[in-house]
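# the following block contains a protein sequence and its predicted model.
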Amino acid sequence: MLVIPDAQAFEEAVAQYQDFLVQNGYPRDLTWIEPDDVLLSGKRSFYVRMPIGTKQMDAARDLFEQGTTTGMGVLFHTVCATNRTTFGGAWMPRSRDEAQRALMPKGLKLSADTERTPAVEVHNLLLWMLLKLRFASRQKLKSWVFHRA
């Protein structure tokens with residue numbers, strides 16, 4: 001885990017995070033995802049719906065700007081990865097109390113799981129719908145995957 005307290009531009013923060021990912025054995029190629037883009041399988045891998053649009057990067061940028069502007073901080077974290085791509089998420093505490101409990105800095109906090117969770121990219125919408133039905137009962141843990149510090 002790395003904490004970067006100074007305010008900076010989103011692009012600079014992403015570049016630092018990509019360097020951090022490489023230092024921790026993850027691919028540099030970073031794709032932002034949100035809970036609706038991933039399915040927990042109950043096995044040691046996640047399914048990721050492809051292609052990923054720009055909405056997710058815009059959401060990560062908004063969280064970054066809110067977190068750094070308000071002094072609540074923002075976390076960039078890994079969710080899962082293939083051999084080529086790291087799928088990451090951004091998180092911001094909802095209150096000062098939550099920020100304190102999560103040991104959030106006023107700036108940026110970078111995190112990469114020590115054990116990489118494999119990602120399986122799903123490019124077929126019909127297959128995605130079938131997987132969504134099959135693993136519906138396992139999706140309750142998504143909040144933990146995306147909202148941790």
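All right, it came through fine. Numbering: from 1, shown residues only.

# drop to CA atoms for contacts and neighbour counts, all remaining ones
Fine.

# beta partners for the most centrally placed residue in the chain?
Using CA atoms, centre = their mean, the residue of the chain that lies closest to the mean C-alpha position is Gly89, 1.5 Å off. Residues in a beta bridge with Gly89, per DSSP bridges, are His77.

# tell me the confidence at it?
The confidence metric pLDDT takes the value 96 at Gly89.

# so it sits right up against Val74, yeah?
No - contact status for Gly89 versus Val74: not in contact, 10.4 Å apart, counting by CA atoms under 8 Å.

# please, where are all the helices along this protein?
When secondary structure is read from DSSP state H, the chain shows helices at 10-23, 55-70, 96-101, 125-134, 142-146.

# could those go into a markdown table alongside mean neighbour count?
As requested, these are exported to a markdown table (neighbours: other CA atoms under 10 Å):
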| stretch | mean neighbour count |
| --- | --- |
| helix 10-23 | 16 |
| helix 55-70 | 18 |
| helix 96-101 | 13 |
| helix 125-134 | 13 |
| helix 142-146 | 14 |
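
# format the ones you listed as JSON lines; extra columns: distance to Thr78 and mean pLDDT.
Supplementary listing: these in JSON lines, determined by distance: least, CA to CA, whole Å; pLDDT from 0 to 100:
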{"stretch": "helix 10-23", "distance to Thr78": "9", "mean pLDDT": "96"}
{"stretch": "helix 55-70", "distance to Thr78": "13", "mean pLDDT": "94"}
{"stretch": "helix 96-101", "distance to Thr78": "19", "mean pLDDT": "90"}
{"stretch": "helix 125-134", "distance to Thr78": "22", "mean pLDDT": "97"}
{"stretch": "helix 142-146", "distance to Thr78": "9", "mean pLDDT": "82"}
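
# Glu34: which of those is closest?
If you check each of those against Glu34 by CA to CA, helix 55-70 wins as the nearest, at 6.4 Å.

# distance between the closest one and the chain's centre?
What separates the centre of helix 55-70 from the centre of its chain is 12 Å, taken as CA atoms, centre = their mean, to the nearest Å.

# how about stretch 63-82?
Stretch 63-82 has its C-alpha centroid displaced from the chain centroid by 8 Å (CA atoms, centre = their mean).

# how far does it stretch from one end to the other?
By CA to CA, to the nearest Å, the extent of stretch 63-82 from end to end equals 25 Å.

# to Val48, which of the helices of the chain lies closest?
Nearest to Val48, of all the helices of the chain, is helix 125-134, at 8.7 Å by CA to CA.

# if anything else comes up later, I'll come back, but that's it for now.
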